[in-house]
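Student: Need coordinates for the following:
(3 chains)
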Amino acid sequence: MPELPEVETICRALRPRLVGDYIQAAVVRQAQLRWPVAPELFQLSRAPIISLQRRAKYLLMQLANGWFIIHLGMSGRLQSLPMDTPEGKHDHIDLQLASGQLLRFSDPRRFGSWLWCTDPYQHRLLVHLGVEPLSLAFNGAYLGQALCGQKMPIKPWLMKNTVVVGIGNIYASEALYRVGISPCTPAEQLDQGAADRLAATIKQLLEEAIAQGGSTLRDFRQADGQPGYFSQRLQVYGRPGEPCLRCHTPIVYLRQAQRSTFYCPTCQV
DNA sequence: ATCCGAACCTGACGGC
DNA sequence: TGCCGTCAGGTTCGGA
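Tutor: Numbers count the residues shown, from 1 in each chain, chains lettered A, B, ... in the order given. Below is the predicted model of the structure:
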């Protein structure tokens, strides 16, 4: 699924197409996603789209009287298509827009969600989230502070979303490789210099990935159907046994907190 | 308070 | 060919 760069890519592409348009109606073919889809989807009629924002990996679509909170889960897609596009097996939600475009949500695994609320930033799923990694609030000083007393290995710790959001399984491995930190290091053992480098690296990595339209492993597509091209720049993720690009040591596969981790045992200590 | 495993689903792939 | 086990970009939840 999409991590932050993939969701941001979608958000940037869809925003100019959607904002100012009107939702005429929604067609819901499968209401059972991660949670049952918002009943408000069934009551739309000439609803203006006021804004489209991203918070962590959530897309927030503002209408006149509330917001849809959209999550793509592991395999969700959101695409703007011509109105007459034939539907596929996993095309669960269509929004028919006044301009003639179709906003289509597809999600084979159905881990995605469409919820409704009046204030997304106070919603229970969002209210506890940490800072945005691309914001000024996320920096070495903040990260260094947050690491104190944290005994969990740094890789799963980065993915928790309570301190900093948006770093998923791919970019957690990639960021740690770039800074030369072992994914097994207890978070509290990173000194301030390491925290500074890690924060800066995370920002740079995510920005590069956004510039490339995200990473496509299998499912991910940008809003126009194109894959993301950052996959070609991944240095450790999905490369077990292949040589480290720096020192040629075989990349190691490791299971951490039920997720796959990839790292170079020589470069990352 | 913290951590781990299970849970929500379908599909692709490799081994036998 | 086909069945089975394993894995997949996320995140919440319950129980230890």
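
Student: can you tell if stretch A:114-126 touches DNA strand B?
Tutor: No - contact of stretch A:114-126 with DNA strand B (CB under 7 Å from any atom of the strand) is absent, the minimum separation being 13.4 Å. Any C-beta I mention is one placed from the backbone N, CA and C, and that applies to glycine too.

Student: neighbouring contacts of that stretch?
Tutor: Defining contact as CB atoms under 8 Å, 6 or more residues apart in numbering, one finds that stretch A:114-126 is touched by A:33, A:35, A:37-41, A:55-56, A:58, A:60, A:65-70, A:93, A:105, A:127.

Student: residues contacting residue A:268?
Tutor: In this structure, residue A:268 makes contact with A:176-177, A:180-183, judged by CB under 8 Å, 6+ apart.

Student: now do 7 Å
Tutor: With contacts taken as CB atoms under 7 Å, 6 or more residues apart in numbering, residue A:268 has the following neighbours: A:176-177, A:180-182.

Student: Which strand or helix spans it?
Tutor: Following DSSP states H and E, one finds residue A:268 outside all helices and strands.

Student: And the helices in chain A?
Tutor: A:4-18, A:140-147, A:154-158, A:169-179, A:192-211 (DSSP state H).

Student: What about residue A:100, how many residues nearby?
Tutor: A count of neighbours around residue A:100, defined by other CB atoms under 10 Å, yields 11.

Student: Residue of the stretch 101-250 of chain A closest to DNA strand C, please.
Tutor: Closest approach between the stretch 101-250 of chain A and DNA strand C, counting by CB to the nearest atom of the strand: residue A:168, at 2.0 Å.

Student: Spatially nearest residue to that residue (excluding sequence neighbours)?
Tutor: When the adjacent residues along the chain are set aside, residue A:168 lies closest to residue A:3, with 3.5 Å between them (CB to CB, 6 or more residues apart in numbering).

Student: The one you found and residue A:171 touch, don't they?
Tutor: Yes - using CB atoms under 7 Å as the test, residue A:3 is close enough to residue A:171 to be in contact (5.5 Å).

Student: between those two, who's got more neighbours?
Tutor: Set side by side, residue A:3 and residue A:171 show unequal neighbour counts under other CB under 10 Å, the larger going to residue A:171 at 25 against 22.

Student: What distance do you get for residue A:262 to residue A:78?
Tutor: Shown here: residue A:262 relative to residue A:78, a distance of 28 Å by CB to CB, to the nearest Å.

Student: nope, residue A:9 is what I was after
Tutor: From residue A:9 across to residue A:78, the span is 11 Å (CB to CB).

Student: swap in residue A:124?
Tutor: Distance of residue A:124 to residue A:78, given as CB to CB: 23 Å.

Student: out of these two, which sits in the more crowded spot?
Tutor: Neighbour comparison, residue A:124 and residue A:78: the larger count goes to residue A:78, with 26 against 8 (by other CB under 10 Å).
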